[in-house]
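Student: next comes the sequence, and after it the predicted model I'd like to discuss.
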Amino acid sequence: MVQFDEALTETTTVYRITLAVVLLAGFVAVGPASADEPLVVDLWPGKAPGDVGIKGEETSRIHPSPLVGPTKLITNVTRPTLTIYRPPADKNTGTAMVICPGGGYWDLYWELEGEEVAAWLNAQGITGVILKYRCPRRPGDVKGEPPLGPRLDAQRAVRLVRSRAREWGVDPNRIGVVGFSAGGHLALATAAGFATRLYEPIDAVDQVSSRPDFAVACYSGYLKVTDKDEIRPDLKIPTDMPPVFLAHTSDDNVGYGGSVSENSVIMYLALKRAGVPTELHVYATGDHDFGVRQNDKLPSSWTGLCVRWLRSRDLLAPVPAR
């Protein structure tokens, strides 16, 4: 299904009512889903495989944006982690999503495309699992190409969530990925490349499947060949790739990875040709890096459309207690 949306103000009632919001400089930011502290776990039992390392400590800074307001960025990540936000027990659907923030593989938009997304997912009864993957790019990474380290981290993340599904109140057959910008590429690469093991098994976690059960990608970059209307050769689309929801804006003009709407359009066509269930929404305006924030300049209705898509795939129906 392809839909080109002009309206930017539509949003779901459930999102408006159940999600705590904070007004900041005229912008709306999503607040915590519950008073419970999230659980943070290491992604790897030791040093991440294949990491040549970088100098310095992990750092963060506040990034100003005239479109969505200030947001926190993280970089110099050498210790990949998962941060697990669980919904209230009486709302839990058993569905979980690994969240891949964007940042061009240089930074992570931790609030805008991480914590706020987890809060939105919690409001739908979904466990939000933020992946803090390796960044910035390492020495030896090819300039302008997606680095390999985050791919390993994302593959391990799906396996780790699946291996601890019962402990975290998750159905092991309802684990998806969601990503934004470079994180959208990471989510789709994980969904497309699950059959190729990217690292040698380390422990029992690596014996379970890394195939996500569904994928959501917003204003993704690094999907198409530069100056060509074709998917990058490293993104081979298998016929058994999980269902995909795509959203983008026509006026996205971010340069790195060519995060223009053609990325999502070309991806949609490739998925359709492969017989992969896919839904695409392209908005007239909205620019780049809007996450789930709400204001009259943003394509805020994508969240409601995504919820409708999740519901149509029976991912929001509570799983009977075993």
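Tutor: That came in fine, so what should we check first? Numbering: from 1, shown residues only.
Student: how about the strands in the stretch 201-322 of the chain?
Tutor: Along the stretch 201-322 of the chain, counting by DSSP state E, counting those that start in this stretch, strands occupy 214-218, 244-249, 278-283.
Student: closest to residue 199 out of those strands?
Tutor: Counting by C-beta to C-beta, residue 199 lies closest to strand 214-218 out of these; the figure is 20.7 Å. C-betas here are computed from N, CA, C, even on glycine.
Student: would you mind giving the strands of the stretch 201-322 of the chain as JSON lines with mean pLDDT, distance to residue 195 and mean neighbour count added?
Tutor: Shown next, in JSON lines, are the strands of the stretch 201-322 of the chain (pLDDT from 0 to 100; distance: least, C-beta to C-beta, whole Å; neighbours: other C-beta atoms under 10 Å):
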{"stretch": "strand 214-218", "mean pLDDT": "98", "distance to residue 195": "15", "mean neighbour count": "27"}
{"stretch": "strand 244-249", "mean pLDDT": "96", "distance to residue 195": "16", "mean neighbour count": "27"}
{"stretch": "strand 278-283", "mean pLDDT": "96", "distance to residue 195": "19", "mean neighbour count": "22"}
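Student: closest to residue 261 out of those?
Tutor: Using C-beta to C-beta, those put strand 244-249 closest to residue 261, at 4.3 Å.
Student: can you add distance to residue 105 and give the strands of the stretch 201-322 of the chain back as CSV?
Tutor: Output for the strands of the stretch 201-322 of the chain, formatted as CSV (distance: least, C-beta to C-beta, whole Å):
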stretch, distance to residue 105
strand 214-218, 15
strand 244-249, 19
strand 278-283, 24
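Student: and those: which comes nearest residue 72?
Tutor: strand 214-218 (18.7 Å).
Student: packing partners for that closest one?
Tutor: strand 175-180, helix 182-192, strand 244-249, helix 302-312 (3 or more C-beta pairs under 8 Å, 6 or more residues apart in numbering; DSSP states H and E).
Student: do that again at 7 Å, thanks
Tutor: Applying 3 or more C-beta pairs under 7 Å, 6 or more residues apart in numbering; DSSP states H and E, one finds that strand 214-218 makes contact with strand 175-180, helix 182-192, strand 244-249.
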